[in-house]
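Undergrad: prediction below, plus the sequence it came from.
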Amino acid sequence: METILTSENLKRSYTIGKTTLDVLKGVSLEVNSGETLSIMGESGSGKSTLLHVLGGLDNPKEGEVHFKNESVYGMSTARRARFRAQNVGYVFQAFHLLPELDIVENVALPAMAMRSKGGAKARAEELLTEVGLGDRIGHRPQELSGGERQRVAIARALMNDPDIIFCDEPTGNLDSKTGEKVLNYLFQLIEARRHTLVLVTHSQDVASRCSRELFLKDGFLI
Ligand SMILES: Nc1ncnc2c1ncn2[C@@H]1O[C@H](COP(=O)(O)OP(=O)(O)OP(=O)(O)O)[C@@H](O)[C@H]1O
């Protein structure tokens with residue numbers, strides 16, 4: 001199986017005043033194309049930090065991330081922004097939807113630079129229909145429930161047909177029944193398109209839906 005993403009000996013610390021907190025102490029990982037990988041760990045163990053570094057959003061202090069053999073942090077800022085827009089999808093716990101845009105515009109936004117406006121909106125509507133929101137086209141995020149907003153965020157993450165999708169606690173803000181429904185949509189879409197998924201979660205039930213489960217403990221992956 002092709003390896004799509006690797007990290008070697010990733011280290012990341014936070015310094016506040018005179019205190020330095022070493023969060024990642026040497027994380028090495030290979031992610032294979034088409035796999036679904038979960039990362040569990042205690043609160044504060046560094047799961048979000050790791051996801052951000054793997055996803056090209058936050059520089060490590062040491063170590064490297066390679067996407068298809070290209071060094072992510074060796075890329076110029078412009079190249080890295082393009083890599084994130086074209087190759088990566090993100091789903092965060094807090095949705096990060098723009099309240100002034102309707103849901104089609106929110107989903108279409110990542111593709112506006114790369115497709116015609118009409119083409120981007122048509123694809124956004126297709127994806128929203130696939131996540132069960134075909135009858136809510138034209139609504140704004142604040143008119144939707146938490147679970148519906150997260151489905152919009154999932155549609156947005158898939159907009160550019162990314163090679164890899166990073167999800168940070170995608171059901172963290174939802175009750176268990178709504179969370180289950182959102183996960184069903186996420187896994188249906190991902191499995192149908194054979195996307196690669198790296199998902200951070202507190203929940204063993206969520207982790208068990210993935211093809212591989214890892215734990216982050218004391219700054220290392222096990
Ligand atoms: N910007 C920051 N500045 C300082 N410390 C930070 C910063 N971001 C995270 N931390 C600290 O780094 C540690 C790891 O945080 P992180 O959010 O990665 O953990 P997590 O495993 O995702 O936690 P949770 O499961 O509670 O969301 C925590 O102790 C946190 O307080």
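TA: Received, thanks. This is a predicted model, so every value here is computed, not measured.
Undergrad: quick one: the closest residue in space to Q150 that isn't next to it in sequence and L50, what's the gap?
TA: Spatial nearest neighbour of Q150, chain neighbours left out: V182 (4.9 Å); criterion: CB to CB, 6 or more residues apart in numbering. In short, each C-beta sits where N, CA and C put it, glycine included. For V182, the distance to L50 (CB to CB, to the nearest Å) stands at 22 Å.
Undergrad: how far out from the middle of the chain is the longest helix belonging to the chain?
TA: Ranked by residue count and defined by DSSP state H, the top helix of the chain is helix 176-193. Put simply, helix 176-193 sits 14 Å off its chain's centre (CA atoms, centre = their mean, to the nearest Å).
Undergrad: also stretch 64-84?
TA: Here the centre of stretch 64-84 is set off from its chain's centre by 16 Å, with CA atoms, centre = their mean.
Undergrad: try stretch 146-160
TA: Its chain's average C-alpha position is 11 Å from that of stretch 146-160, according to CA atoms, centre = their mean.
Undergrad: any idea how far the ligand is from the residue nearest to Q150?
TA: V182 is 18 Å from the ligand, where distance means CB to the nearest ligand atom, to the nearest Å.
Undergrad: just L128 next, same as before
TA: In terms of CB to the nearest ligand atom, L128 sits 28 Å off from the ligand.
Undergrad: how about V27?
TA: Distance, V27 to the ligand, by CB to the nearest ligand atom: 12 Å.
Undergrad: got phi/psi on that residue?
TA: Note on V27: its backbone torsions stand at phi -100, psi 120 [degrees, to the nearest 10].
Undergrad: V91 now?
TA: According to degrees, to the nearest 10, V91 has phi -130, psi 120.
Undergrad: ok, now D175?
TA: When read as degrees, to the nearest 10, the backbone of D175 gives phi -70, psi 170.
Undergrad: next one: D102
TA: D102 adopts backbone torsions of phi -80, psi 180, taken as degrees, to the nearest 10.
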